[in-house]
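1. quick one: sequence plus predicted model below, questions after.
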Amino acid sequence: MDETPTTTEARAEEKKDMLDALLDLSFRTAITPKIARWLYIMGLVVSGLLAAKWVLAAFSVGQGGGLFAGVMSLFFAPVLFVIYALITRVFLEVVLAIFFIADTLKEIERGKR
């Protein structure tokens, strides 16, 4: 995977923009749209860990009920994962929609002046 100089320069510029946005004390630059992908990946990882914890907790129930609960949790854990992932995705999309609305309103305001 050979990178061209323009790709390398673009990535360096993107990192510089991200650092500038992070250190922008006037909050004129939003950083959330730039890190939304990473937030979603972290949400998927957390969803997977919660589903796995649920399965392990179900198998650890004592007195023979652990086997039945464990088998049922193997069935429902993927459903739980999808629900958690869906909630994460919808939340991030709502947040991004708010940022896109704000950007559009800024463009409209600039056009009227």
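-> Sure thing, it's come through.

2. number of nearby residues for K34?
-> Burial measure for K34: 14 neighbouring residues, criterion other CB atoms under 10 Å. Glycine gets a C-beta too; all of them are placed from N, C-alpha and C.

3. how near is it to I101?
-> According to CB to CB, to the nearest Å, K34 and I101 sit 17 Å apart.

4. if I look at A69, how far off is L56?
-> 11 Å.

5. can you pull the contacts of the closest residue to F100 other than its chain neighbours?
-> Leaving aside its sequence neighbours, F100 sits nearest to P33 (CB to CB, 6 or more residues apart in numbering; 7.9 Å). Applying CB atoms under 8 Å, 6 or more residues apart in numbering, one finds that P33 lies in contact with 96, 99-100.

6. for the biggest helix by length in the chain, what does the pLDDT average out to?
-> The single longest helix within the chain, with elements called by DSSP state H, is helix 65-112. Helix 65-112 shows a mean pLDDT of 89.

7. which SSE is the residue nearest the centre of the chain in?
-> Compute the mean C-alpha point of the chain, and by CA atoms, centre = their mean the closest residue is Y40, 1.5 Å away. Y40 is part of helix 32-59 when elements are defined by DSSP states H and E.

8. report the angle between that helix and helix 65-112.
-> Computed with axes from the mean of the first three to the mean of the last three CA atoms, to 10 degrees, the direction of helix 32-59 lies at 170 degrees from that of helix 65-112.

9. how far is helix 32-59 from where the chain is centred?
-> For helix 32-59, the separation from the chain centroid amounts to 9 Å (computed by CA atoms, centre = their mean, to the nearest Å).
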